[in-house]
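**Q** sequence and predicted structure are below.
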Amino acid sequence: MNGIKYLSLRFGKLVTKNSTRVLRQKYLRQMSTMQNPPDSELKPQFTIPKGIVGQPTCHTHPHLVPHGHLTCGITQMEYKERREVLVSKLIGEVDNVHRSHVIVIPAARKQYMSDKIPYVFRQNSDFFYLTGCLEPSAILVMVKPATRDTYKSILFVHDKDSHAELWEGPRTGCNVAATLFAVDEAQPVDNFNNFLHRTVAASKPSVLWYHNETPANPDIHETIRSSLRQGQAALEDPQRALHQMRVVKSPAEVELMKETCYIGSQSVNMAMACTKPGVSEHAISSVFEYTCRMSGAEHGAFPPVVAGGPRATHIHYVANNQLLDPRDMLLIDAGCQRWLYNSDISRTWPVSGKFSKHHRILYELVLSVQKRLIELLGEQRPALDQLFDHMCRLLGTSLQQEGILPKNIDTNELIGRAYRLCPHHVSHYLGLDVHDAPLVRRRVPVCANMVVTVEPGIYIRPDDTTVPEEFRGVGIRIEDDVLITEGDPIVLTDACAKEVHDIEAIVGKQNI
Ligand code: GLY
Ligand code: MN
Ligand code: MN
């Protein structure tokens with residue numbers, strides 16, 4: 001049957017050889033044979049300690065972390081190299097290289113729903129990128145004295161504490177953290193205040209690199225501000241350089257992106273298969289999340305949009321509390337997070353399983369624009385802002401050809417009308433954050449090993465009298481995640497059905 005190739009999941013139980021679990025097992029096996037030096041060959045600074053620590057390791061969780069890796073897919077050496085690259089980039093950024101440099105990158109702190117009830121912890125992406133450490137409220141400090149060419153990495157972590165560990169589970173502790181995270185030194189977080197004051201005071205003139213806006217951990221923000229004042233250090237922001245690194249993925253990160261995109265794709269397919277009239281948006285959202293988690297994702301990448309009919313014209317609709325009407329289309333915007341790497345996928349399909357004439361016209365119009373935009377990424381390597389201009393132009397002319405926008409308007413007016421029908425950007429970078437590396441401008445041309453979304457849409461409000469009546473009350477978005485390469489772009493979410501015949505072959509084929 002057409003489209004059946006997309007349906008390799010049956011509620012998390014994988015039924016074809018092209019399935020996520022098989023893919024994951026193959027991936028883990030490859031990792032452990034190709035990149036699995038015997039312990040004797042690992043340099044001393046790249047040893048993974050054997051005991052139980054504060055996060056999964058290859059010894060305690062071999063089903064999650066391949067041998068010799070600090071986190072799934074990423075070695076201690078890669079984390080260390082990232083720190084080295086960052087330090088040299090930052091020093092190269094300021095005019096006086098003869099100053100001391102102190103770089104402070106805080107972990108996220110725990111967030112609470114109420115009283116002592118925590119949310120699921122999500123590490124700060126910048127901190128994770130440089131350490132692989134999943135501990136809340138840890139702090140990475142890198143110190144490069146003016147008098148030396150080398151720098152030192154110090155990781156502040158919570159020390160062992162039997163009472164706290166009784167409640168929260170094991171901690172890594174200072175004795176093991178230096179080895180595990182391959183840093184020069186580990187110290188208790190309680191030492192951070194004194195350490196920073198002393199270091200900044202002793203190293204005048206110095207530059208303190210710290211992201212002062214939107215602090216990742218407000219608990220230490222004031223300490224850092226007061227060190228700045230007392231030590232008279234110059235404040236600089238490390239985030240722009242860091243995000244320039246993050247936006248270009250390493251080979252290991254590309255593999256992680258492929259995995260999260262594959263799991264997300266199959267989970268959208270499953271949501272499609274479970275769609276029937278009368279089912280709730282909430283149930284479809286649950287199918288998506290269940291399938292992601294059963295396939296190796298930690299959780300969703302963001303609260304999903306599951307919007308039937310005219311609700312899809314509200315771009316951030318997340319209430320997901322209505323029942324599906326057989327006359328409507330259903331728009332999903334959802335993704336998953338696997339080892340902190342995110343996918344971000346949108347698809348739109350008919351609740352009945354068969355596109356109506358007018359829905360199909362609109363859907364195919366968005367689909368052809370989306371495919372052309374992906375081609376343009378390969379042909380022209382445009383900046384994402386240029387891709388947005390292309391989208392407005394392509395949408396405008398296609399809508400005009402279909403008689404949905406009037407023929408008698410000039411190009412500027414046409415682009416303006418298209419923009420009103422798709423008021424969001426067509427693309428963002430993707431990776432450790434859904435809107436990844438936000439300090440990298442969308443004005444720079446894309447380059448190999450970036451992952452970007454391509455997500456044109458059309459949203460026609462039910463009361464939009466500028467559009468023929470039969471097209472009103474519909475929201476359509478098609479979003480894929482695309483790896484830029486030296487050659488053609490690779491659609492990492494191509495396991496997710498998007499052709500009309502594939503969608504029609506899948507919708508409603510699975511009972512909930
Ligand atoms: N789901 C958020 C976005 O597409 O940007
Ligand atoms: Mn997106
Ligand atoms: Mn999205």
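**A** Perfect, thanks for sending it. Ligands and ions are numbered 1, 2, ... in the order given.
**Q** CA atoms for contacts and neighbours, from now on please.
**A** Fine.
**Q** run a quick neighbour tally on the residue of the stretch 101-250 of the chain found nearest ligand 3.
**A** Residue nearest to ligand 3 within the stretch 101-250 of the chain: Val247 (17.7 Å; Cα to the ion). Using other Cα atoms under 10 Å, Val247 has 23 other residues around it.
**Q** equivalent analysis for Val351, please.
**A** 27.
**Q** same deal with the one 5 residues further on?
**A** Ser356 sits with 13 neighbouring residues when counted by other Cα under 10 Å.
**Q** check which residues of stretch 53-71 are buried.
**A** Buried residues in stretch 53-71, counted by 16 or more other Cα atoms under 10 Å: 53-59, 64-71.
**Q** err, stretch 224-235, not the other one
**A** Going by 16+ other Cα under 10 Å, stretch 224-235 has these buried residues: 224, 227-228, 231-233, 235.
**Q** so for it, mean pLDDT?
**A** The average pLDDT for stretch 224-235 rounds to 85.
**Q** and what of stretch 282-302?
**A** Here the average pLDDT along stretch 282-302 is 98.
**Q** check whether that stretch comes near ligand 3.
**A** No. Using Cα under 5 Å from the ion, we find that stretch 282-302 stays clear of ligand 3, coming within 8.8 Å at best.
**Q** then stretch 311-326?
**A** No. Applying Cα under 5 Å from the ion, one finds stretch 311-326 separated from ligand 3 by no less than 9.8 Å.
**Q** near ligand 3, which residues of the stretch 301-450 of the chain are found?
**A** So the stretch 301-450 of the chain meets ligand 3 at 333, 344 (Cα under 5 Å from the ion).
**Q** walking through the stretch 301-450 of the chain, point out its strands one by one.
**A** Along the stretch 301-450 of the chain, counting by DSSP state E, counting those that start in this stretch, strands occupy 305-308, 329-334, 336-338, 341-342, 345-350.
**Q** can you redo the ones you listed as TSV with mean neighbour count and mean pLDDT?
**A** Below are the strands of the stretch 301-450 of the chain laid out as TSV (neighbours: other Cα atoms under 10 Å; pLDDT from 0 to 100):
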stretch	mean neighbour count	mean pLDDT
strand 305-308	29	98
strand 329-334	27	98
strand 336-338	28	98
strand 341-342	27	98
strand 345-350	26	98
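**Q** for the ones you listed, which one sits closest to His211?
**A** strand 341-342 (22.2 Å; Cα to Cα).
**Q** isn't Asn321 up against His282?
**A** Yes. Using Cα atoms under 8 Å, Asn321 is in contact with His282, at 5.7 Å.
**Q** and these two? Which one has more around it.
**A** His282 (19 against 14).
**Q** want to throw the strands of the stretch 301-450 of the chain into JSON lines with distance to Leu373?
**A** Below are the strands of the stretch 301-450 of the chain laid out as JSON lines (distance: least, Cα to Cα, whole Å):
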{"stretch": "strand 305-308", "distance to Leu373": "23"}
{"stretch": "strand 329-334", "distance to Leu373": "19"}
{"stretch": "strand 336-338", "distance to Leu373": "24"}
{"stretch": "strand 341-342", "distance to Leu373": "21"}
{"stretch": "strand 345-350", "distance to Leu373": "15"}
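**Q** please name the nearest non-neighbouring residue to Ile139.
**A** Nearest non-adjacent residue to Ile139, counting by Cα to Cα, 6 or more residues apart in numbering: Pro106, 4.4 Å away.
**Q** distance of that neighbour from Asn193?
**A** Distance of Pro106 to Asn193, given as Cα to Cα, to the nearest Å: 13 Å.
**Q** who has more neighbours, the two?
**A** Pro106 (27 against 15).
**Q** quick one, grab the pLDDT at the more buried one.
**A** Value listed for Pro106 in the pLDDT field: 98.
**Q** wait, isn't it in contact with Glu135?
**A** No. Using Cα under 8 Å, Pro106 is not in contact with Glu135; the gap is 10.6 Å.
**Q** run through the residues that contact the residue of the stretch 101-250 of the chain closest to ligand 3.
**A** Neighbouring residues of Val247 by Cα atoms under 8 Å, 6 or more residues apart in numbering: 429-431, 436-437, 440, 450-451.
**Q** ChimeraX command for the buried members of those residues?
**A** A single ChimeraX command selects the buried members of the contacts of Val247 (16+ other Cα under 10 Å):
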select :429,430,431,436,437,440,450,451
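**Q** closest to ligand 3 out of the contacts of Val247?
**A** Among the contacts of Val247, Leu430 lies closest to ligand 3 (Cα to the ion), at 10.3 Å.
**Q** quick one: the nearest residue in space to the closest one that is not next to it in sequence from Asp494, how far?
**A** In this structure, Leu430 finds its nearest non-sequential neighbour in Asp436, 4.8 Å apart by Cα to Cα, 6+ apart. Asp436 sits 21 Å away from Asp494, taking Cα to Cα as the criterion.
**Q** cool, and Glu470?
**A** In terms of Cα to Cα, Glu470 sits 31 Å off from Asp494.
**Q** neighbour count: the two, which is higher?
**A** Asp494 (16 against 12).
**Q** phi, psi for the more buried one please.
**A** phi -70, psi -10 (degrees, to the nearest 10).
**Q** ok, it - contacts?
**A** With Cα under 8 Å, 6+ apart, Asp494 has these contacts: 265, 480.
**Q** how far does stretch 351-362 stretch from one end to the other?
**A** End-to-end distance for stretch 351-362, by Cα to Cα: 16 Å.
**Q** mean confidence score for that stretch?
**A** Mean per-residue pLDDT for stretch 351-362: 98.
**Q** ok, residues contacting it?
**A** 275-277, 324-330, 349-350, 470-471, 476, 500, 503-508.
**Q** remind me which residues of this protein are low pLDDT?
**A** Low-confidence segments of the chain (pLDDT under 70): 1-45, 95-97.
**Q** which SS class is the closest residue to Thr131 other than its chain neighbours?
**A** Leaving aside its chain neighbours, Thr131 sits nearest to Tyr79 (5.7 Å; criterion: Cα to Cα, 6+ apart). When classified by DSSP: H, G, I helix; E, B strand; the rest coil, Tyr79 comes out as helix.
**Q** what residues are up against Tyr79?
**A** Counting by Cα under 8 Å, 6+ apart, Tyr79 has contacts 129-132.
**Q** mind running it again at 7 Å?
**A** 130-132 (Cα atoms under 7 Å, 6 or more residues apart in numbering).
**Q** Lys407 too?
**A** Contacts for Lys407 (Cα under 7 Å, 6+ apart) come out as Gln400.
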